[in-house]
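J.: sharing a sequence plus its predicted fold:
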Amino acid sequence: MDSRRGITLSRDQLEAWARRPLSDEEVEAIDDCLPNSSIPDAIDVIANEAIT
């Protein structure tokens, strides 16, 4: 088992960022789209430029 800590985006957090309630289908679509979004690039910049 991997004991390294990760993060989970809660539905409340997703809805706060969306600024509206999301349907189950929208949450599933967001889950599917995240790997191909700009979020991985943002994490790269934060990890390798912003906090170093």
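T.: Structure received.

J.: for the residue nearest to the spatial centre of the chain, helix, strand, or coil?
T.: What sits nearest the mean C-alpha location of the chain, by C-alpha atoms, centre = their mean, is residue 9, with 5.6 Å. State at residue 9, reduced to three classes by DSSP: H, G, I helix; E, B strand; the rest coil: coil.

J.: distance of it relative to residue 47?
T.: To residue 47, residue 9 is 17 Å away according to C-beta to C-beta, to the nearest Å. For glycine as for every other residue, the C-beta is placed from the backbone atoms N, C-alpha and C.

J.: low-confidence regions, this structure specifically.
T.: 52 (pLDDT under 70).

J.: which helix is the longest one in it?
T.: Counting by DSSP state H, the longest helix found in the chain is helix 24-33.

J.: got the buried residues for that one?
T.: residue 30 (16 or more other C-beta atoms under 10 Å).

J.: other SSEs contacting it?
T.: Here helix 24-33 touches helix 11-18, going by 3 or more C-beta pairs under 8 Å, 6 or more residues apart in numbering; DSSP states H and E.

J.: identify the residues contacting the helix it packs on?
T.: 21-22, 26-27, 30 (C-beta atoms under 8 Å, 6 or more residues apart in numbering).
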